[in-house]
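A.B. asks: quick one: sequence and predicted model below, then my questions.
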Amino acid sequence: MIPMRLRTPMPPMEGATKWLNEGGFQAKDLQGKPVLVHFWAVSCQICHEVMEEVVSYRKKYGSQRLQIVGVHMPKRAADIDVDKVKQDVAQYHIEHPVAIDNHHKIREAFQNEFVPAFYLFDQEGKLSFRAAGNKGFANLEPKIEQLLQ
């Protein structure tokens with residue numbers, strides 16, 4: 001699978017088997033705002049290691065209109081248990097919308113194969129940065145700050 005190229009428009013956030021924390025969330029609400037799409041899985045150790053910092057971006061950059069959308073992408077059969085995802089959402093105090101992507105529809109639209117993975121879109125809805133793993137995560141916050149300048 002060829003990774004999504006920079007400046008590619010954000011794919012539709014369609015095909016989730018369930019949404020958590022959606023509170024009336026609709027993908028059209030993301031238009032005109034910078035967006036971080038964060039792919040993760042309950043069985044991913046690195047995902048757990050970086051989750052608190054990812055969650056902190058909501059408060060840290062929310063006043064600058066950064067929107068965060070989580071996508072739980074199961075990597076193992078046990079990952080499709082929505083109750084496990086809900087436990088992680090509660091444990092890490094995740095307040096942003098989280099798509100449960102048990103059929104990998106969103107994963108396919110984003111051409112993503114990894115967790116954790118981070119897709120940062122600018123105010124025009126175009127991909128400005130993508131990364132995966134803890135090494136990629138290390139580069140994420142400077143890219144968010146650069147985008148919000």
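C.D. replies: Arrived safely, thanks for sending.
A.B. asks: OK, contacts around Leu147?
C.D. replies: By CB atoms under 8 Å, 6 or more residues apart in numbering, the residues touching Leu147 are Pro34, Leu120, Asp122, Ser128, Phe129. Where C-beta positions appear, they are placed from N, C-alpha and C, glycine not excepted.
A.B. asks: and with 10 Å instead?
C.D. replies: Pro34, Val35, Leu36, Tyr61, Gln64, Leu66, Leu120, Phe121, Asp122, Gln123, Ser128, Phe129 (CB atoms under 10 Å, 6 or more residues apart in numbering).
A.B. asks: ok, the nearest residue to Arg65 once chain neighbours are set aside - how many residues close by?
C.D. replies: Leaving out its chain neighbours, the residue that sits closest to Arg65 by CB to CB, 6 or more residues apart in numbering is Lys33, at 4.7 Å. Look at Lys33: counted by other CB atoms under 10 Å, it has 14 neighbours.
A.B. asks: so Lys33, which state does it fall into?
C.D. replies: coil (DSSP: H, G, I helix; E, B strand; the rest coil).
A.B. asks: scan the protein for its longest helix.
C.D. replies: Longest helix of the chain, by residue count under DSSP state H: helix 45-61.
A.B. asks: in that one, which residues are buried?
C.D. replies: Of the residues in helix 45-61, Ile46, Cys47, His48, Val50, Met51, Val54, Val55, Tyr57, Arg58, Tyr61 count as buried by neighbour count, 16 or more other CB atoms under 10 Å.
A.B. asks: what's the answer for stretch 75-94, then?
C.D. replies: Across stretch 75-94, burial judged by 16+ other CB under 10 Å covers Asp79, Ile80, Val82, Lys84, Val85, Lys86, Asp88, Val89, Tyr92, Ile94.
A.B. asks: just the C-alphas of that stretch, formatted as CSV.
C.D. replies: The C-alpha coordinates for stretch 75-94 follow below in CSV (Å, rounded to 0.1, in the frame of the first residue of the first chain):
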residue,chain,number,x,y,z
LYS,A,75,-4.4,-5.2,15.1
ARG,A,76,-5.5,-8.4,16.8
ALA,A,77,-8.8,-10.3,17.1
ALA,A,78,-9.0,-9.3,20.8
ASP,A,79,-8.9,-5.6,19.8
ILE,A,80,-12.4,-5.7,18.4
ASP,A,81,-13.8,-5.8,21.9
VAL,A,82,-15.4,-2.3,22.2
ASP,A,83,-15.4,-2.6,26.0
LYS,A,84,-11.6,-2.7,26.0
VAL,A,85,-11.6,0.4,23.9
LYS,A,86,-14.0,2.1,26.3
GLN,A,87,-11.7,1.2,29.2
ASP,A,88,-8.7,2.9,27.5
VAL,A,89,-10.9,5.9,26.7
ALA,A,90,-11.8,6.2,30.4
GLN,A,91,-8.3,5.4,31.7
TYR,A,92,-6.6,8.0,29.5
HIS,A,93,-9.4,10.6,29.9
ILE,A,94,-9.9,10.7,26.1
